[in-house]
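S.K.: Okay, here's the prediction I keep looking at, along with the sequence it came from:
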Amino acid sequence: MKTPDFEKSNGLLPAIIQDAETLNVLMLGYMSKESLKKTEDEGLVCFFSRSKNRLWTKGESSGNFLKVKEILFDCDQDCLLILSEPTGPVCHTGTDSCFGFENNNHLFLNYLEKVIENRALSEDEKSYTKKLLSSSLDRVAQKVGEEAIEVVIASKNDDKVRFREEVADLMYHLLILLRAKGVKLQEISDELMSRHTMPKN
């Protein structure tokens, strides 16, 4: 782990709080050596409150804690990025973030990939996903083909709700096929990015 440089800013470092799942930036606080150590020891984000002039664990009054997932430093070791799991609204105003936006998961497909992985490893034999992954690769691929046909059929009609539902089914089964083939969603994203030409200024 890198050694933070507290000397550059009078003993306090800015700490950016980011949701570990949605990757949304939730708030900004400041940490001292003592608050950083407490954060590391207890697994809950603890700041140094400049207004209270003391250590302040986020959520100590409201119960809306920030559970630490990972602590990172920037290249100069004078700024922290803390990936966390919020247990409730982050801002004292009651909003999800101190910047006013809702902490929605814009990376839901990544979350869904993890759900499929967990179900594949589970002992729940009633799980549709578990059953499908336990069958042959041919069966998984066949389901993707069936769902693709359903999408094509639905696209010929004016029912957008049905079309949306069929596309969702197809994408879910594609994720199952990726799991069966041992391919990560990130690999598909990387492949698409490799084909993309960035616009020149």
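M.R.: Good, I have the coordinates.

S.K.: how about the helix or strand hosting residue 140: buried residues?
M.R.: Applying DSSP states H and E as the criterion places residue 140 in helix 137-155. Neighbour-count burial for helix 137-155 flags 140, 143-144, 147-148, 150-151, 154 (criterion: 16 or more other C-beta atoms under 10 Å). C-beta: built from backbone N, CA, C; applies to glycine.

S.K.: Turn those into CSV, columns for pLDDT and distance to residue 58.
M.R.: Shown next, in CSV, are those (pLDDT from 0 to 100; distance: C-beta to C-beta, whole Å):
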residue, pLDDT, distance to residue 58
140, 97, 44
143, 97, 45
144, 97, 44
147, 97, 44
148, 97, 47
150, 97, 47
151, 97, 45
154, 97, 46
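
S.K.: Residues touching the helix holding residue 140, excluding its own?
M.R.: 132-133, 162-163, 165-167, 169-170, 173-174, 176-177, 180-181 (C-beta atoms under 8 Å, 6 or more residues apart in numbering).

S.K.: change it to 6 Å
M.R.: 132, 162-163, 166-167, 169-170, 173-174, 176-177, 180 (C-beta atoms under 6 Å, 6 or more residues apart in numbering).

S.K.: what's the spacing between the nearest residue to residue 167 once chain neighbours are set aside and residue 145?
M.R.: Closest residue to residue 167 apart from its sequence neighbours, by C-beta to C-beta, 6 or more residues apart in numbering: residue 151 at 5.6 Å. Plainly put, residue 151 is 11 Å away from residue 145 if you go by C-beta to C-beta, to the nearest Å.

S.K.: and if you look at residue 39?
M.R.: From residue 39 to residue 145 the distance is 50 Å (C-beta to C-beta).

S.K.: Same check on residue 128?
M.R.: From residue 128 to residue 145 the distance is 17 Å (C-beta to C-beta).

S.K.: how many other residues sit next to residue 48?
M.R.: The tally of other residues near residue 48 (other C-beta atoms under 10 Å) stands at 22.
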